[in-house]
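Engineer: structure, please.
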Amino acid sequence: MNVPMKMIDDAFEFILSDSALMTMLYDTYLRDLGIPGTPKAPFNGYIRESLDRMAKGFAEPYAAGLALAMRIAICGDALAVLESIDAKAHGFNSDVNCYVQEDVIYSEVFIKHFDAKTALERAERTAENFRQTGYCTDIHVGEEDPRGVTVNAQIDFKIYRDLWMQGRIGKASSIYRTNMV
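Structural biologist: Sure thing, here's the model as predicted:
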């Protein structure tokens, strides 16, 4: 789907006002520049192309939604990031993978511990925190290594946006930049 340049420009303005997102975008841009065969677009062009690709995840894209979807894709879903940070603070290995597709936010929190039962208990607690916020969740235990557990959570983008606007989901910037939470 092609979106009007005005919408991309408006979404770009939203992104420019988010310093944590700009920092993470620039880190991602520099990392992508190091991949052989990657087009070497300027940073502004990189963001605009990313927004255009992001628009494909929406039935009816709009500027503020594109900016929030970019934040989720680059920085992670705020709740997933906070759950991962908390898991790390309690001795677990953890990571997140978040994206928006077809007006749904998909958030994955990976949790690993040397004890499989402890990892599963932590994943169940994480899944419950997602459910209390309004997400649908499921838990997958690693087939080869049961010490690694993934919590998959989904929420409608409009519900997430409303929770975000109400301040019920805090702004988290990255599991790697915990000082920006």
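Engineer: quick one: buried residues of the helix or strand where Leu51 lies?
Structural biologist: Mapping Leu51 onto the secondary structure by DSSP states H and E places it in helix 43-54. Across helix 43-54, burial judged by 16 or more other C-beta atoms under 10 Å covers Tyr46, Ile47, Arg48, Ser50, Leu51, Asp52, Met54. C-beta: built from backbone N, CA, C; applies to glycine.
Engineer: what's the spacing between the residue most central in space within the chain and Ile47?
Structural biologist: In the chain, the residue lying closest to the centroid (C-alpha atoms, centre = their mean) is Gly76, at 2.2 Å. Distance of Gly76 to Ile47, computed by C-beta to C-beta, to the nearest Å: 18 Å.
Engineer: may I have the distance across stretch 34-48, first residue to last?
Structural biologist: 19 Å (C-alpha to C-alpha, to the nearest Å).
Engineer: what's that stretch in contact with?
Structural biologist: Applying C-beta atoms under 8 Å, 6 or more residues apart in numbering, the set of residues contacting stretch 34-48 from outside is Ile8, Phe12, Ile15, Leu25, Tyr26, Tyr29, Asp32, Leu33, Glu49, Met70.
Engineer: which of the buried residues of helix 43-54 sit farthest apart?
Structural biologist: Longest distance between any two of the buried residues of helix 43-54 is 12.4 Å, between Tyr46 and Met54; criterion C-beta to C-beta.
Engineer: the helix or strand encompassing Ala67: which residues count as buried?
Structural biologist: Under the criterion of DSSP H and E, Ala67 resides in helix 63-75. Counting neighbours by 16+ other C-beta under 10 Å, one finds that the buried residues in helix 63-75 are Ala63, Gly65, Leu66, Ala67, Leu68, Ala69, Met70, Arg71, Ile72, Ala73, Ile74, Cys75.
Engineer: same question for stretch 155-164.
Structural biologist: Ile155, Phe157, Tyr160, Arg161, Leu163, Trp164.
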